[in-house]
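Asks: below: sequence and its predicted model.
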Amino acid sequence: MSIEKFIGRIIELIYQDSKGNITKRQISVYQVDRGKLRGFDTVKQAYRTFALERILAARPVSGL
């Protein structure tokens, strides 16, 4: 998955954490580097880091 193309955009992603929990997040992507996506969670209003190998799906959020 070429997640770098989403830098500067808001995406919806499906993520599986280290415990196996699956969540849906809305993230404003600001960096993809060294196997990590860094962005701002627009719902939780907090910066988050995600391991690329745990991102199950990602798509741009339309209308924003």
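Replies: That came through fine.
Asks: and Glu4, how far from Lys36?
Replies: Glu4 is 12 Å from Lys36, where distance means Cβ to Cβ, to the nearest Å. Every C-beta, even on glycine, is put in place using the N, C-alpha and C of the backbone.
Asks: hang on, I meant Val29
Replies: For Val29, the distance to Lys36 - Cβ to Cβ - is 11 Å.
Asks: same question for Ile55.
Replies: 10 Å.
Asks: cool, Gln45 as well?
Replies: 20 Å.
Asks: out of those two, which sits in the busier spot?
Replies: With neighbours defined as other Cβ atoms under 10 Å, Gln45 and Lys36 compare such that Lys36 has more, 13 against 7.
Asks: quick check: phi and psi at the more buried one.
Replies: phi -130, psi 150 (degrees, to the nearest 10).
Asks: was I right to think it contacts Leu52?
Replies: Yes - under the criterion of Cβ atoms under 8 Å, Lys36 makes contact with Leu52 at 6.6 Å.
Asks: could I get the phi/psi values of Ser18?
Replies: phi -70, psi -20.
Asks: could you give the number of residues near the nearest residue to it once chain neighbours are set aside?
Replies: Spatial nearest neighbour of Ser18, chain neighbours left out: Arg54 (7.6 Å); criterion: Cβ to Cβ, 6 or more residues apart in numbering. A count of nearby residues for Arg54, using other Cβ under 10 Å, gives 15.
Asks: please list all residues in contact with Arg54.
Replies: 15-18 (Cβ atoms under 8 Å, 6 or more residues apart in numbering).
Asks: gap between it and Lys5?
Replies: Taking Cβ to Cβ, one finds Arg54 at 19 Å from Lys5.
Asks: got the buried residues for the longest strand seen in the chain?
Replies: For the chain, the longest strand by residue count, based on DSSP state E, is strand 22-33. Going by neighbour count (16 or more other Cβ atoms under 10 Å), the buried part of strand 22-33 is 25-29, 32.
Asks: cheers, nothing more for now.
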